[in-house]
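Q: any chance you can model this:
(chains A, B, C and D)
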Number of protein chains: 2
Amino acid sequence: MDQRKIRNMEEFAAVSGISRPTVSKYFNDPDSVRQSTRDRIEAALEAYDYRPNIFAVNQNRRLTKNIGIVVPYLADPFFAEIGRTIERRCIDAGFSPILFSSHGVTAYEIDILESLRSLKPAGVLLAPLGRTSDRAALEKFCADVPTVLFDSFVEGIGRAFVGSNNQQFVELSVEYLCRTGEPPCFFEMETPVNPNARRRRAAYLSTMERLGHSPQIVQAKGKNWDFEKIGYAEGGRAFAERAFPTNTILCSNDRLAIGVLAAAYKNGLRVGRGHGHAVRIAGHDDHPFSRFTSPPLTTVSQDYAAIADRSFETLLHLLDAGDGVGDHDATFFDGQLVMRDSA
Amino acid sequence: MDQRKIRNMEEFAAVSGISRPTVSKYFNDPDSVRQSTRDRIEAALEAYDYRPNIFAVNQNRRLTKNIGIVVPYLADPFFAEIGRTIERRCIDAGFSPILFSSHGVTAYEIDILESLRSLKPAGVLLAPLGRTSDRAALEKFCADVPTVLFDSFVEGIGRAFVGSNNQQFVELSVEYLCRTGEPPCFFEMETPVNPNARRRRAAYLSTMERLGHSPQIVQAKGKNWDFEKIGYAEGGRAFAERAFPTNTILCSNDRLAIGVLAAAYKNGLRVGRGHGHAVRIAGHDDHPFSRFTSPPLTTVSQDYAAIADRSFETLLHLLDAGDGVGDHDATFFDGQLVMRDSA
DNA sequence: CTCATTAATTTACGCGCGTTAAGTTTTTCA
DNA sequence: TGAAAAACTTAACGCGCGTAAATTAATGAG
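A: Purely as a prediction, here's the structure:
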């Protein structure tokens, strides 16, 4: 195939019979050169497999083609899935995605933004930790780097936001549960890490009141991202102490619900609707595992792909709109009720 | 804090009162300069927040301080977890980890290795796709870059391997199941993507024979990484067709077992041991979600942290051992039986 | 205090590519 | 066919840092 190794663009230009500046132009935009020279370059490219040195390329660019993707917790399949989707979009659009996870730790998130900055990314898609984020650090970062926030909305941070309509999510689940059985109590974490949780609580309260029921909230202690574990421990405790005031438990999110489901099983409570069942349990988010719990979890589905796609599109928009004062648009996707057997 | 922005090492050297080459030396190894000059540099570092341009730094190095981490499927919490752990080790050791996921797609794995190569990483930790990996591509890559394989053993690839002792895993589960009830049948995928699966099958066969039982294998159709879905669909079909020859189902891995568990529930089969239970189900790996299934899944635990730690240590070893012909050492960690309620 | 070490400094080159300016060739189209 | 436009070539500089050689300064044992 190739006779000798190509060491740099100079040599590659030589073997392709094109001058180096033109080759450089080609790599920055293949359409910017005449078709005939493009063909010659691409012919040489096949014969000699050469790739521009990525470090040398990025040294001179003020901005690279890198796109940072930051999620708060990669062990959560939701974020794994959404990260995956965004990665693909980036690659297909000719960017180099770099995936980071804060693993639920504030200091990690700060570190990530720090090292991201030195990668001179064209843009960043950031799902912040939320409550435990260092607001100042986020603000400073977003001031320098075009950033689209997703999943967790943080007031005043980022140039745009894409997430789900928590109000609508909870309206959907509360209305369904009230329509088909006892009005639900709301199970959530005492000090939720994620700002979505606060909006869901508010939505639960308002929806219950609108429907003429008295809202009842059960809170679980716990501050980390081990939601299933917390749901299991605290849910179990609540079952044992008969702390759930109704037979219907609406969990703030599916991961918590998965824990409560396990706790219910352990306590010998049959979960589901209809007679013979002791308790109904529902969640929100349509977590990838929710369809495989026993019983399968009734929930409200997030449109993963839509959030991922829209986030990326929004960033692209931002990028070629330049540093226009960007009318911080926020997109909130509605969810859909997914009726399964748990409620 | 800082008066003017520092643009490069030249300027930073000026404000710190040290020459640029010495500053450069400092950044490559803070211990290589006299304590007094180190103090002066670090004082300036606090006052002026400067960081060497990562691209310029890497341009001249033959090797960078980058370490690639490649997993086959990041939406699998096992890999998310192990990826997370390795990342930490890298950072703590002064390296820059970069996490990639092949998402189960051969072409992606090849692309990842391709772009990894251009990042000139000091080393790579690779959990290959396995059966669907492009062997030639792996071989070519590993010839150029010091690579430690983990999780999936591929004969002759990489300079070392760290994974689990599949033989021992299955011995443990089969012996336990035989000791406490009907000998298990083995539920697995027809064409498993992961080489561990083949070893587990072999271990099942040999262990059953050693114990004087006739092995019985039930295979599920399906070729992708949606193990839960496949387990649910094919397990459900097997239940409906009464294709499971015993009341004890040993699944090749937990994700498959989670699907079978859901299928059992759907078919009205109570899962667990003792009377009143129709079927026992067990798995392998101690998947993070296994303790939250209903009932909680009996399984054999992988030592995530040990695999992650040892993989990284092995790589470090490899790196400062230079290009010594490395006696391709393979480490196989034993598992521990985790008895829960499903079997 | 002297001499031998050890560490820092000065000077200078190179890495691989982006980019620009000036000159040359090719293409396009009237 | 000829001139303008477009694309290319040559030449050269700069990016920010690693690194080497030669020189000077600091350290420390005797």
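
Q: spatially nearest residue to residue A:131, not counting backbone neighbours?
A: Once flanking residues are discounted, residue A:131 sits nearest to residue A:193: 5.3 Å by CB to CB, 6 or more residues apart in numbering or on different chains. Any C-beta I mention is one placed from the backbone N, CA and C, and that applies to glycine too.

Q: what about the one you found, how many residues nearby?
A: Look at residue A:193: counted by other CB atoms under 10 Å in any protein chain shown, it has 21 neighbours.

Q: also residue A:43?
A: Other residues near residue A:43 number 12, with proximity taken as other CB under 10 Å.

Q: swap in the one 3 residues further on?
A: Under the neighbour criterion other CB under 10 Å, residue A:46 is assigned a count of 10.

Q: need the residues that contact stretch A:109-121.
A: Residues outside stretch A:109-121 that contact it (CB atoms under 8 Å, 6 or more residues apart in numbering or on different chains) are A:58, A:61-64, A:66-68, A:70, A:72, A:98, A:100, A:102, A:124, A:128-129, A:133-134, A:137-138, A:141, A:144-145, B:51, B:53-55, B:91, B:96.

Q: how about 7 Å then?
A: A:58, A:63-64, A:66-68, A:70, A:98, A:100, A:102, A:124, A:129, A:133-134, A:137, A:141, A:144-145, B:51, B:54 (CB atoms under 7 Å, 6 or more residues apart in numbering or on different chains).

Q: circling back to that earlier point, contacts only, for the residue nearest to residue A:131.
A: A:129, A:130, A:131, A:132, A:225.

Q: could you identify which of those residues has the most neighbours?
A: Each of the contacts of residue A:193 was scored for neighbours by other CB under 10 Å, and residue A:129 scores highest at 27 neighbours.

Q: closest to residue B:188 among the contacts of residue A:193?
A: Checking the contacts of residue A:193 against residue B:188 with CB to CB, the nearest one is residue A:225 at 32.3 Å.

Q: the closest one is in contact with residue A:74, isn't it?
A: No: Residue A:225 sits out of contact with residue A:74 when judged by CB atoms under 7 Å, with a separation of 10.4 Å.

Q: circling back to that earlier point, among the contacts of stretch A:109-121, which ones are buried?
A: A:58, A:64, A:66-68, A:70, A:98, A:100, A:102, A:124, A:129, A:133-134, A:137, A:141, A:145, B:54 (16 or more other CB atoms under 10 Å in any protein chain shown).

Q: the residue of the stretch 101-250 of chain A found nearest DNA strand C: neighbouring residues, count only.
A: At 12.8 Å from DNA strand C, residue A:120 is the closest residue in the stretch 101-250 of chain A, using CB to the nearest atom of the strand. If you count neighbours by other CB under 10 Å, residue A:120 ends up with 18.

Q: just the local confidence number for it, please.
A: We note a pLDDT of 92 for residue A:120 in this prediction.

Q: repeat that for residue A:319.
A: The pLDDT attached to residue A:319 in the predicted structure is 87.

Q: for it, give me its contacts.
A: Contacts of residue A:319 by CB under 7 Å, 6+ apart are A:122, A:123, A:146.

Q: quick check, nearest of those to DNA strand D?
A: DNA strand D lies nearest to residue A:122 out of those, by CB to the nearest atom of the strand, at 17.6 Å.

Q: got the contact list for the closest one?
A: A:63, A:64, A:65, A:66, A:67, A:95, A:319.

Q: find the nearest non-adjacent residue to it, please.
A: Using CB to CB, 6+ apart and skipping residues adjacent in sequence, the residue nearest residue A:122 is residue A:63, 5.0 Å away.

Q: try residue A:138
A: Among residues not flanking residue A:138 along the chain, residue A:157 sits closest, at 5.0 Å (CB to CB, 6+ apart).

Q: in a helix, the one you found, correct?
A: No: counting by DSSP: H, G, I helix; E, B strand; the rest coil, one finds residue A:157 to be coil, located in no helix.

Q: what secondary structure does residue A:186 sit in?
A: At residue A:186 the chain is in strand, as set by three-state DSSP.

Q: quick check: residue A:83 vs residue A:75, distance?
A: With distances taken as CB to CB, to the nearest Å, residue A:83 is found 12 Å from residue A:75.

Q: mind checking which of these two has more residues around it?
A: More crowded of residue A:83 and residue A:75, by other CB under 10 Å: residue A:83, with 26 against 22.

Q: which residues sit against the host helix or strand of the more buried one?
A: Assessed by DSSP states H and E, residue A:83 sits inside helix A:77-92. Under the criterion CB under 7 Å, 6+ apart, residues A:67, A:69, A:71-74, A:97, A:99, A:125, A:127, A:285, A:287-289, A:304-305, A:307-309, A:311-312, B:74-75, B:77, B:80, B:101, B:103 lie in contact with helix A:77-92.

Q: which pair of the contacts of residue A:193 spans the longest distance?
A: The largest separation in the contacts of residue A:193, counting by CB to CB, is between A:131 and A:225 at 11.6 Å.

Q: what comes up buried for stretch A:200-211?
A: A:200, A:201, A:203, A:204, A:207, A:208.

Q: what does the pLDDT read for residue A:94?
A: pLDDT for residue A:94: 88.

Q: again, but for the one 10 residues further on
A: What the model reports for residue A:104 is a pLDDT of 91.

Q: quick one: contacts for the nearest residue to it once chain neighbours are set aside?
A: Leaving aside its sequence neighbours, residue A:104 sits nearest to residue A:225 (CB to CB, 6+ apart; 4.0 Å). Residue A:225 sits next to A:73, A:104, A:193 when contact means CB under 7 Å, 6+ apart.

Q: ok, so of those residues, who is nearest chain B?
A: Of all the contacts of residue A:225, chain B sits closest to residue A:73, with 8.8 Å by CB to the nearest CB.

Q: give me the three-state assignment for that closest one.
A: Under three-state DSSP, residue A:73 falls in the coil class.

Q: cool, and residue A:233?
A: Put simply, residue A:233 is helix when judged by three-state DSSP.

Q: separation between it and residue A:266?
A: Distance of residue A:233 to residue A:266, computed by CB to CB: 11 Å.

Q: which residues touch the residue in the stretch 151-300 of chain A that DNA strand D sits nearest to?
A: In the stretch 151-300 of chain A, the residue that lies nearest DNA strand D is residue A:159 (25.3 Å; CB to the nearest atom of the strand). Neighbouring residues of residue A:159 by CB under 7 Å, 6+ apart: A:146, A:147, A:148, A:318, A:326, A:328.
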